[in-house]
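Q: turn this into a structure:
(one chain, ligands or ions: 1)
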Amino acid sequence: MEPLTELKQRLAEIADVQRAQSVLAWDMEVWMPPGGQKSRATQLATLEKIAHVRQTDDRIGELLDELEPQRASLDPDSDDACILRAARRDFEKLRRVPAELAGELAQVQAESHQAWVGARETSDFAAFQPWLERILELRRRWIECFAPYDDPYDVVLDDFEEGMRTEDVRAIFATLAPEISALVVAHASDEQDEFMQGPFALDQQEVLSRELIEAFGASWDAFRLDVVVHPFEVTLGVGDVRLTTRYAEDDLTSLFTAMHECGHGLYEWGVSPRLDRTPVAGGGSAALHESQSRLWENVVGRSLPFWRWFYPRVRNAFPDQLGNVPLTDFQRAVNRARRTFIRVDADETSYGLHVILRFELEQELVAGRLAVKDLPDAWNARFEELVGLEVPNDRLGVLQDSHWSTGLFGYFPTYLIGSVLSVQIWEKAREAHPDLEEQFERGEFAELHEWLRSNLYVHGSKFTPAETIERVVGGPIDSQPYLRYLRDKLGTLAAA
Ligand code: ZN
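A: Numbering: from 1, shown residues only. Model (predicted):
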């Protein structure tokens, strides 16, 4: 067999095993009865092992070496050149970590997550502390596998944003932190928009969510929408996109969740089918993925033109709750800046501060400059500086997110970088089609969807994140468009 054919076949089978893992994980969240937990954990671990053995097989390294001369002669933008680049990167990263360490991390992360669930319920950081210490110790050993490095945080960040440096993120956030803080100080309000508290019948929320997903361009031939505890999106194959959401009677968050997860789904759905069963079949990076969920959820889904179209539908669905509420009041309510403790409930403006706090603290933890026992105090002090609230307990503070309990360091910054990118990308789309917002007022989103598909989605992760961003927006990450966007929006709402 030709070496390239053999390599691609091996990569395709690895991709199939990984998709099968995703099917089991999706089912676990959506359909599985609780009794299935133990069997499912074993099944997932088995597939994980099969994938790992195949990914680190010596034969992959031999084939990559054999193909090196051929790769040099390929057009660097061609699918094959990009697949070879990604395969080399994945192989080398996975081979650096000894199997025992990878196994131990997986095991401890599962147990630590359980410990975190209990500690969060009782707001008892001391119960979680030894687990976080263990996780960090293993994570640092894992980081050492990638020495030499300039900053240990570079190593964890690279798993989500290939090639991005900690100092780059620091520079972006150093610009954002004081500006966002100032916006929150100027605009945060405690006003309770009582009309936003329902009750909103769940079946109506589902009808509206489905209407949004269709309007944004998804097809039910290729999409599903199901209910879970913690919403997510996962793609299980070409033409098989699974969105999940949740509904609560006392708010309309589900509409934004639907738009958010739909954004992730549209991205994956738009990847060229030619790239299926290759290592470049997914989105360009965690931040690029998040740029799409946030573009649809926030830039489109919280804008006045959008609500000019959709608010009458929502008001029709809930005439008792919203019949007397003018459009501008509703749009202000879904954009209102607030000071709140919980990241996932934060408004669009203050959200960034929650991310900056975590980014700062996890750098200190990873570098060993901050001891785990001192983490709650460090959290509370910095939170007060950034958001202006005194944290009453660890459940509303340091214990609120699951990320660290599962060893997930380096992921948080991608949420805010995603928001920054969402506005840069949106501005490019609007440059190409200046009447997009007029289209939104008519409930038309096809032109935006098509621009995003052909300029971004179709590439999958063929290129590095920095290259992808350069291709789409013509330059590097820039926080100024995002800040301008927030200032304009809050200024307009304050003046209205
Ligand atoms: Zn997301």
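Q: max-length helix in this protein?
A: Identified as the longest helix of the chain according to DSSP state H is helix 3-30.
Q: what about dumping the CA coordinates of the next helix-or-strand element following that helix to PDB?
A: Using DSSP states H and E, the helix or strand that follows helix 3-30 in sequence is helix 37-55. C-alpha atoms of helix 37-55 as PDB (Å, rounded to 0.1, in the frame of the first residue of the first chain):
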ATOM      1  CA  GLN A  37     -22.800   4.500  34.800                       C
ATOM      2  CA  LYS A  38     -20.300   1.800  35.700                       C
ATOM      3  CA  SER A  39     -20.500  -0.200  32.500                       C
ATOM      4  CA  ARG A  40     -20.300   3.000  30.500                       C
ATOM      5  CA  ALA A  41     -17.200   4.200  32.300                       C
ATOM      6  CA  THR A  42     -15.500   0.900  31.400                       C
ATOM      7  CA  GLN A  43     -16.600   1.000  27.800                       C
ATOM      8  CA  LEU A  44     -15.300   4.600  27.400                       C
ATOM      9  CA  ALA A  45     -12.000   3.700  29.000                       C
ATOM     10  CA  THR A  46     -11.600   0.700  26.600                       C
ATOM     11  CA  LEU A  47     -12.200   2.900  23.600                       C
ATOM     12  CA  GLU A  48      -9.800   5.500  24.900                       C
ATOM     13  CA  LYS A  49      -7.200   2.800  25.200                       C
ATOM     14  CA  ILE A  50      -7.800   1.500  21.700                       C
ATOM     15  CA  ALA A  51      -7.500   5.000  20.300                       C
ATOM     16  CA  HIS A  52      -4.300   5.800  22.300                       C
ATOM     17  CA  VAL A  53      -2.600   2.600  21.200                       C
ATOM     18  CA  ARG A  54      -3.400   3.300  17.600                       C
ATOM     19  CA  GLN A  55      -2.400   6.900  17.800                       C
END
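Q: what comes into contact with helix 37-55?
A: Identification of contacts with helix 37-55 by Cβ atoms under 8 Å, 6 or more residues apart in numbering yields 10, 13-14, 17-18, 20-21, 24-25, 28, 32, 90-91, 94, 99, 102, 106, 110. Placement of C-beta: from N, CA and C, glycine included.
Q: what's the mean pLDDT across that helix?
A: Helix 37-55 carries an average pLDDT of 91.
Q: re the thing from before, helices or strands up against the longest helix of the chain?
A: Secondary-structure packing of helix 3-30 (3 or more Cβ pairs under 8 Å, 6 or more residues apart in numbering; DSSP states H and E): helix 37-55, helix 58-73, helix 79-96, strand 233-237, strand 240-245.
Q: now with 10 Å?
A: Of the remaining helices and strands, those touching helix 3-30 by 3 or more Cβ pairs under 10 Å, 6 or more residues apart in numbering; DSSP states H and E are helix 37-55, helix 58-73, helix 79-96, strand 223-227, strand 233-237, strand 240-245.
Q: which strand or helix spans the most centrally placed residue in the chain?
A: With distances taken as Cα atoms, centre = their mean, residue 290 lies nearest the centre of the chain, 4.4 Å away. Element membership of residue 290 [criterion: DSSP H and E] is helix 286-294.
Q: domains for this protein, by residue range?
A: The record's domain split for the chain, according to automatic domain parsing, is 3-148, 166-495.
Q: how far off centre is the helix or strand where residue 305 lies?
A: Following DSSP H and E, one finds residue 305 within helix 304-317. Once both centres are worked out by Cα atoms, centre = their mean, to the nearest Å, helix 304-317 turns out to sit 27 Å from its chain's centre.
Q: stretch 9-24 now?
A: The chain centroid and the centroid of stretch 9-24 are separated by 22 Å, computed with Cα atoms, centre = their mean.
Q: what residue, apart from its backbone neighbours, is nearest residue 225 spatially?
A: Of all residues not flanking residue 225 in the chain, residue 243 sits nearest, at 4.8 Å (Cβ to Cβ, 6 or more residues apart in numbering).
Q: and residue 198, by the same measure?
A: residue 250 (4.7 Å).
Q: coming back round to it: quick one: average pLDDT of the longest helix of the chain?
A: Computed over helix 3-30, the average pLDDT equals 97.
Q: equivalent analysis for stretch 189-201, please.
A: Rounded mean pLDDT across stretch 189-201 is 93.
Q: show the end-to-end separation of it, please.
A: End-to-end distance of stretch 189-201 (Cα to Cα, to the nearest Å): 27 Å.
Q: show residues contacting that stretch.
A: The contact list for stretch 189-201 (Cβ atoms under 10 Å, 6 or more residues apart in numbering) reads 205, 207-208, 247-255, 314, 317-318, 320-325, 329-330, 332-334, 336-339, 494.
Q: ok, of these, which come out buried?
A: Buried members of the contacts of stretch 189-201, scored by 16 or more other Cβ atoms under 10 Å, are 205, 208, 247, 251-255, 314, 317-318, 321-322, 325, 330, 332-334, 336-339.
Q: what's the local residue count around the residue nearest to residue 341 when sequence neighbours are not counted?
A: Counting by Cβ to Cβ, 6+ apart, residue 396 is the residue found nearest to residue 341 once chain neighbours are left out, at 4.1 Å. By other Cβ atoms under 10 Å, the residues close to residue 396 number 16.
Q: ok, residue 396 touching residue 354?
A: No - contact criterion Cβ atoms under 10 Å: residue 396 and residue 354 do not qualify, at 11.9 Å.
Q: please enumerate the shared neighbours of the two.
A: Common contacts of residue 396 and residue 354 (Cβ under 10 Å, 6+ apart): 340-342, 383.
Q: which one of those is nearest residue 222?
A: Sorting those by how near they are to residue 222, with Cβ to Cβ, puts residue 342 at the top with 33.3 Å.
Q: pop out the phi and psi values for the nearest residue to that closest one once chain neighbours are set aside.
A: Nearest residue to residue 342, sequence neighbours excluded (Cβ to Cβ, 6+ apart): residue 400, at 5.7 Å. Phi and psi for residue 400, reported as degrees, to the nearest 10, are phi -70, psi -30.
Q: can you say which of the shared contacts of residue 396 and residue 354 are buried?
A: Buried among the shared contacts of residue 396 and residue 354 by 16+ other Cβ under 10 Å: 340-341, 383.
Q: with pLDDT and distance to residue 183 as extra columns, can I get these in a markdown table?
A: Formatted as a markdown table, these follow (pLDDT from 0 to 100; distance: Cβ to Cβ, whole Å):
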| residue | pLDDT | distance to residue 183 |
| --- | --- | --- |
| 340 | 95 | 15 |
| 341 | 97 | 18 |
| 383 | 97 | 17 |
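Q: out of these, who's nearest residue 239?
A: Of these, the one sitting nearest to residue 239 (Cβ to Cβ) turns out to be residue 340, at 38.9 Å.
Q: just give the nearest non-adjacent residue to that closest one, would you?
A: Per Cβ to Cβ, 6+ apart, closest to residue 340 is residue 346, 5.5 Å.
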